[in-house]
Every structure is written in structure tokens, then in C-alpha cells.
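Visitor: Dropping the sequence and predicted coords here.
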Amino acid sequence: MKDRYDHENIYWIPILIIFVFLLPLILKGISFSYKYYLFVLNLAGIYIILNVGLDLLSGFTGLVSLGHAAFLAVGAYTSAIMVDQLGVPFSLSLILSPVIVGLFGFIIGFPALRISGMYLGLTTMGFGFIVKRIIISFRDWTQGSAGLEVSSPVLFGYTIKSDLDNYYLIYTFVIVAIIIGRRIATSKIGRSFMAIRDSEQAAEASGINLSQYKMLAFFISGLFAGFAGVLFAHTSSFISTDHFDILLSIYFIIMVLVGGASSIYGAVLGSLFIVLLDNLFVPLIEDQIQLLFNTQAGDIQSLIFGLIMFLFIIFQPMGLYGMWLKMRIYWKLFPFNPRQRFT
Amino acid sequence: MTDILSGFGQEIISGIALGSIYALIALGFTMIFKATEVVNFAQGDLMMVGAYVNFFFVSTFLSNSGEPSAWTFMVALLCSIIFSVLFGLFLDFIINRPLKDAPIFSVIMATLSLAIIMRALVAMIAGPISLMPISPFGDNSITIGIIVISVLDLSIIASAIILVIIFYFIFHYTKWGIAMQATSEDPVAAQLMGIPIKKIYALVWIFSALVATLSGVLLAPRIALLDTSMGFLGLKAFPAAVLGGFGSIPGAIVGGVILGVIETISLGTLSFHFEWIKEINDIIAWFVLIAVLMVKPNGLFGIEKVKKV
């Protein structure tokens, strides 16, 4: 049986890939501060990779994770320690670190077999706090809360240093991550994930091995987060535990929800939307708000993120991708749009 | 020997005081959880808002009258209570009513976003500098035998006990309390019996905002410096509630007290004797949470739920 995704339009994917690869040149042509835009896009790319994994875990399988920053932290620190202190080449660390984070996902996933729903969210949140503290405690390796400087990635003898090089490195992996994420989501594994989310009992009765698939979801999510962590550590060249906060985990969930849970494109859209908003729009209004209130930038950021998530949950629970789907259906059926279907 | 004993005794008393705060926060979201199955992530931040509002009233009254007296604190407390009732009603309007038919997950995420919004707003309005709340009891202490207890801790414990008794009576012996119990048991059947469940839900939110405010007012003098990170303290009430059994009111209280005692003891006596405990004593609550979930997910007083398709 052919599944429905075989009928999907795929001709625009090569165009999109070409666009992604030409984007830095376009930006360079039209803007002086293109380096800053590249930096923002790089951050968005790393979050896209992580959020594709988070979406597979939380959106598809329904296992809420409020501690995904911990996954990112483990990936980043593992790779930083391996490359800089153990002398492992970057290309090997790029493969090894995600696997280690995946195995770490196993450990977190273990309680997930017995608990579900909000308990799991709480447990992952607790793991987030614990991991942060453990990283600080291993001072010999991680230099505690002072942070760790990380070398630039070296691939095939070429040192990747500038923002432009980082952009191409990151977005190669972004495209690979999206393709793999789509393949997982539309395969037997993805369908099993969705079955587990919709009803654990029904899924089990249909012959889905619950514990196996839940562990698999954590492992896959850990792999994606591991990749994101490795790229994050080596492209930002400095990591510290302050960055991997509980708030970051919440922002990841916000990104997935705003994009539209349980669709890979939703995770991509959500990450891009939130990161661009955070870095391009918030600085614009920050000065205005700081004239009125004596406050820090982080507060304005979390106020805006919180408001966006709140409004999306109430008015557009399907997220940005859901909006796009509705628009598409609206135009397809154009003269005959029963209005009720779109509200 | 007496040193260790008296230190231990003091830690247990101050642990019970801290634990009663956890218990009150846990009580707040246990009520919401029982009625609507929503886990309210904003409970800790509600507490923080309550503490700030009370601080605001106290300092306004003090700047007007000058001399702190018992009446100042009483009137400020009354104003904070009125504020929290209105705020609870407001929360019911913006969270519970629009998301009546939404999946539980969305409602929980809405409370999470509300927590972020509240924290940011309070930080913006109050400014980045920590405040120093004034305790109505000063920093006196009394000595019983070999144990020195601060009046503040005693007052926290006493207020918590009084509050729990009041809530117990409201729940079990008033018309609205019984209606609340019926609603949490089975909303549809309750509605069929003529219980206005919309009003009950509003009442539940009001109650939990009220409890949060009271716990904030009690906790603020104890932590000495008031800033928005107080909301994170509220998160620790989750392990407390899970330890006691999520959704069980006696469980929330017992779990809170146990967790408070564990925390203060590990901060005090244990960290003098074991070096490694120093590293983890601010996250010990989360270790407790994970241990409880691994060993006994239903907690001490929880009732095992039968899964249905």
C-alpha cells in the first residue's frame, strides 16, 4: 500500500534547499549587518534540529519533556570534553556524542515506562535541574559554572571558523534532520508513536510494544538533541551552564507548540519564528519598554514568549503549520468555503 | 552530643515550617487538580505575586502611618486576600473558561505560559532589585529546653495548621465545599444534580489563588530577600505533592512537611558530615521526586487509578 505521503508535492524541496544555500549571499547583498543575521540563523538552525527531535517525542509520542535543555547540555559538554580534553577528532565526536545523548535519553526514558502525562513532564524537569547540577559538580572536566571554551570544528582538515562556514555546516545537518524526521514520522515507527499518544491501551492491544517504542522515542529525541548540542558547543565556542536553564526547556516546548505539535514542519516553523522574533523583533521594542520600566532584557523576552504561547493555545491550538494548512485548504476550495470549517 | 541533638531539633522545627509552606502550595494545586485535572504550573508564581502584593500594601501603609503596628499587617493581609480573590476569578476567566474543551495538555501549557508572564510582569513592575520584606514578628526566638525556635517559624506552622483546619471544615461541612467535592468526583453527575459547576470551578481557582497568596505572605519574611525567583520555590511543591500522592489533600500536607524536613536536614547536619550532600542540597527535592516515581508512583496516600480506553 502506498502511503499518503507519496502523493505529496516534493518538487519545491530542491528549490528550498537551493534557497537555503543562497540565503547568506542574498543577505550579504542586501544588508550590512548580515553577520548578525547569520548568527541568528545559526542559532535557529540548531534549535530546529533539537525541536524536530522534541516534536517526535512530545508531539508524536505525547511524552512531554520539560528538560530538553539538559539533553542539549549533555551533548554540548560531551563533545567539548571529548574533542578538547580527550583529543577525539570532531568528525568522530559528531557521531559519538549524539549516541551518548541518546543513551542518556534511555536513562530519562526509563521512568517514562511507569508514569505518563504531567508526571513525566515533572520528572524531565527534575532531570534538567539534576543534570545542570551534575555538570557544575564535575569541575575538573567542565570548570563548573565558569563555563568552558570550545575549539572550532575541524572537518577533513578544514577549520570551520566564520559564521558563514558555521551556517553551511549547521544547515546541512538541518536539512538532513528534517528529512530523517519526516521519514521517521511517516514510517511504521512514527505511526506507532502516534498510536501511543492517542491511546496507550489501544496501541498495546494492536501489538505495539509500549516500553520498546517509548524508549525508542527517547533515544531518537536524544540523538537529535545530541547533534544540536555538538553543533551548539563548537559553533558558539563557549558554553556555560547558565545557558541550559529550565526556561530554555520551556522555550523549546513553546517553539514546538507555536509551530504546531506533531508535524515536523511545525517544529521547523516554530523554531524559526521564535528565534527570529527573539533576536530581530524584541531588540526593536526593548528600548521603548526599558524607558517605561526599569527592567532586564530577559524579562521582556519571557513576557513576549509567554504571551505568544498563551495566545496561540487559546486562538490557534494547531500552531503556525495548522494556520498554513487551513489557508491551503481555503484556497483549494476557494469559491466554496464553508466558513465553519476554518474557525 | 547535646549540640547535635539541639541542632537536629532546630532543623526539624524549621523544616516543618518550610514544609508547611510547601504543603500550602501543594494544597493549592491539588485542589485545582482534583477539580479539573489541570496541573497548575503557575501556583509558585501566584505565591510570588501574593508576596509582592502584600509587600506593596505593607510598605504603602507604613509610609503613610509610619509606625508599624499589628493593625498595619492585618489590614495589608486583608487587602492581599481581596486582591487574590479577584485574581483567582480573573484566572478562571482567562484560563479555565476559554479552554473548557481543550485537551488537558493545552491547559497545562497555558498555566506554564501564565507563570512566565506573571514572573516577567512582576519583575518589570517591581524592578530588578530584591525587596526586603518586613516580618510582623521581628526576629525574636524562644528557647524550649535545648531547642531555639524562631517565632517566625512557629507562626508559619501555626498559621498553616489553622488554614488547613479552616479548609477542612469548608470542604466537609459547607454546602459549597460538598459541591466542590462532588464536582471533582464526577463533573457530569454533579451538573445533573444541579450543581453550577462553572461557579464551582471559579471558586476552586479563587481558593487556590487565596492559598497561594497566604503562603507567599508567610514565606516572604522567611527567605529574607524577595525577588521573582521565589516562583521557582513553588516548583518544589510538585515533588512534595507527588511524595504524598498527587491529588490527595492529606498527601499534599504530609508530603510537604516531609520534604521540608528532608531539605533542611540535608542543608544542615548532613552537609557537615558528608561533603557530597553540599553539592546536591538545592536539588534534593528532585531526587526525592524521581525516587518516589520509580518506587511508588502513587505516593504515600495516592489511590491507584484504573486505566480505561
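Guide: Nice, I can see it. Residues are numbered from 1 along each chain as shown, chains lettered A, B, ... in the order given.
Visitor: so after the host helix or strand of A:Leu120, what's the next helix or strand?
Guide: Using DSSP states H and E, A:Leu120 maps to helix A:118-137. Next in sequence after helix A:118-137, counting helices and strands by DSSP H and E, comes helix A:139-142.
Visitor: So which elements touch that next one?
Guide: Packing contacts for helix A:139-142, counted by 3 or more Cβ pairs under 8 Å, 6 or more residues apart in numbering or on different chains; DSSP states H and E, involve helix A:68-85. Every residue, glycine included, has its C-beta placed from N, CA and C.
Visitor: For the chain, which segments are assigned as strands?
Guide: No chain specified, so I'll use chain A. Assigned by DSSP state E, the strands in chain A fall at A:148-149, A:154-155, A:158-159, A:238-239.
Visitor: hmm, I had chain B in mind actually
Guide: B:141-144, B:147-150.
Visitor: looking at those strands, which is buried most?
Guide: Of all these, strand B:147-150 carries the top mean neighbour count, a mean of 17, counting by mean count of other Cβ atoms under 10 Å in any protein chain shown.
Visitor: remind me which residues of the stretch 1-150 of chain A are low pLDDT?
Guide: The stretch 1-150 of chain A contains residues with pLDDT under 70 at A:1-10, A:116-117.
Visitor: residues in it within reach of chain B, list them.
Guide: With Cβ under 8 Å from any Cβ of the partner chain as the criterion, the stretch 1-150 of chain A meets chain B at residues A:62, A:64, A:111, A:114-115, A:117-119, A:121-123, A:125-127, A:129-130, A:133, A:137.
Visitor: re earlier: how far is the helix holding A:Leu120 from where the chain is centred?
Guide: In this view, helix A:118-137 has its centroid 18 Å away from the chain centroid, taken as Cα atoms, centre = their mean, to the nearest Å.
Visitor: in it, what's buried?
Guide: For helix A:118-137, burial by neighbour count (16 or more other Cβ atoms under 10 Å in any protein chain shown) applies to A:118-136.
Visitor: elements contacting it?
Guide: In terms of contacts (3+ Cβ pairs under 8 Å, 6+ apart), helix A:118-137 is packed against helix A:68-85, helix A:90-112, helix A:246-259, helix B:237-244, helix B:275-280, helix B:284-295.
Visitor: right, and these - which one's nearest B:Leu91?
Guide: Of all the helices and strands packed on helix A:118-137, helix B:237-244 sits nearest to B:Leu91, with 17.5 Å by Cβ to Cβ.
Visitor: wait, does that closest one make contact with chain A?
Guide: Yes. Helix B:237-244 reaches chain A (Cβ under 8 Å from any Cβ) through B:238-239, B:242.
Visitor: Tell me which residue is most central in chain A.
Guide: A:Asn51 (2.0 Å; Cα atoms, centre = their mean).
Visitor: shouldn't it be in contact with A:Ser271?
Guide: Yes. Taking contacts as Cβ atoms under 8 Å, A:Asn51 lies within contact range of A:Ser271: 4.8 Å.
Visitor: Overlap of the contact sets of those two?
Guide: Counting by Cβ atoms under 8 Å, 6 or more residues apart in numbering or on different chains, the common neighbours of A:Asn51 and A:Ser271 are A:255, A:259.
Visitor: What residue in the stretch 151-300 of chain B comes nearest to chain A?
Guide: B:Trp286 (3.4 Å; Cβ to the nearest Cβ).
Visitor: excluding its backbone neighbours, what's nearest that residue?
Guide: Excluding the flanking residues, the one nearest B:Trp286 by Cβ to Cβ, 6 or more residues apart in numbering or on different chains is A:Gly126, at 3.4 Å.
Visitor: Equivalent analysis for B:Leu121, please.
Guide: A:Leu303 (6.5 Å).
Visitor: quick one, what contacts that neighbour?
Guide: Neighbouring residues of A:Leu303 by Cβ under 8 Å, 6+ apart: B:116-117, B:120-121, B:124.
Visitor: at 10 Å instead, please
Guide: Going by Cβ atoms under 10 Å, 6 or more residues apart in numbering or on different chains, A:Leu303 touches A:282, A:289, A:295, B:116-121, B:123-124.
Visitor: and if you look at A:Gly226?
Guide: Contact partners of A:Gly226, counting by Cβ under 10 Å, 6+ apart, are A:49-50, A:53, A:71-72, A:74-76, A:78-79, A:94-105.
Visitor: List buried members of these by neighbour count.
Guide: Buried by 16+ other Cβ under 10 Å: A:49-50, A:53, A:71-72, A:74-76, A:78-79, A:94, A:96-98, A:100-102, A:104-105, out of the contacts of A:Gly226.
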